[in-house]
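Participant: I'll drop the sequence and a predicted model, then ask my questions.
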Amino acid sequence: MENITGTTEIIELQERMKFCKHCGRKIPEAAVICVLCGCQVEELKQIEQPNIIINNANTNTNTNNLMYGGRMKDKWVAFFLCVLFGYFGAHKFYEGRIGTGVLYLFTVGLFGIGWIIDCISLLLKPNPYYVR
């Protein structure tokens, strides 16, 4: 009995076959691409996409004038403040670094060494530069 059942299944499978439009061989009826030559034999069914509505009411504004993670400062203003009043930390106060400015004020620009380093580093910065 098993043999008869197996034979009828094979016959049913053979009846549900079709021919490839390109190579002419038998392929399964449900195949969209020929399993033998790889060519497309049927049009792909288009699946209807759901309508997606994006309602983005993002009204966040930057009120701190922060760009790239910091406040924008002019290189030349900071440089001339450093050259003229660097011993007193004027350029540090301009950048908003109050603690470092007070340190420069009491140590005369970190004994002149910090003042020289700041003059050189300000010349190497882009204009404008950003201070966090």
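Facilitator: Yes, it's here. Values in this document were obtained by computation on a predicted structure and should not be read as measured data.

Participant: for stretch 73-88, which positions count as buried?
Facilitator: Neighbour counts using 16 or more other C-beta atoms under 10 Å place 73, 78-79, 81-82, 85-88 of stretch 73-88 among the buried residues. All C-beta spots, glycine's among them, are computed from the backbone N, C-alpha and C.

Participant: likewise stretch 111-118?
Facilitator: So for stretch 111-118, counting by 16+ other C-beta under 10 Å, buried means 114-115, 118.

Participant: Keep only those of the buried residues of stretch 73-88 that are in helices.
Facilitator: Within the buried residues of stretch 73-88, residues falling in helices by DSSP state H are 78-79, 81-82, 85.

Participant: can you list those residues in JSON lines and add distance to P126 and pLDDT?
Facilitator: Below are those laid out as JSON lines (distance: C-beta to C-beta, whole Å; pLDDT from 0 to 100):
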{"residue": "A78", "distance to P126": "12", "pLDDT": "94"}
{"residue": "F79", "distance to P126": "12", "pLDDT": "94"}
{"residue": "L81", "distance to P126": "18", "pLDDT": "94"}
{"residue": "C82", "distance to P126": "16", "pLDDT": "93"}
{"residue": "F85", "distance to P126": "23", "pLDDT": "92"}
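
Participant: Flag the shaky bits of this structure, pLDDT-wise.
Facilitator: 1-15, 60-69 (pLDDT under 70).

Participant: Not counting its neighbours along the chain, what's nearest C37?
Facilitator: C23 (4.2 Å; C-beta to C-beta, 6 or more residues apart in numbering).

Participant: One more: T107?
Facilitator: Nearest non-adjacent residue to T107 (C-beta to C-beta, 6+ apart): G114, at 7.8 Å.

Participant: Could you double-check that the residue nearest to C37 sits in contact with G38?
Facilitator: No - C23 is beyond contact range of G38, at 9.3 Å (criterion: C-beta atoms under 8 Å).

Participant: Same drill for the two, tell me which one is more crowded.
Facilitator: Legend: neighbour count by other C-beta atoms under 10 Å for C23 and G38, higher for C23 (13 against 10).
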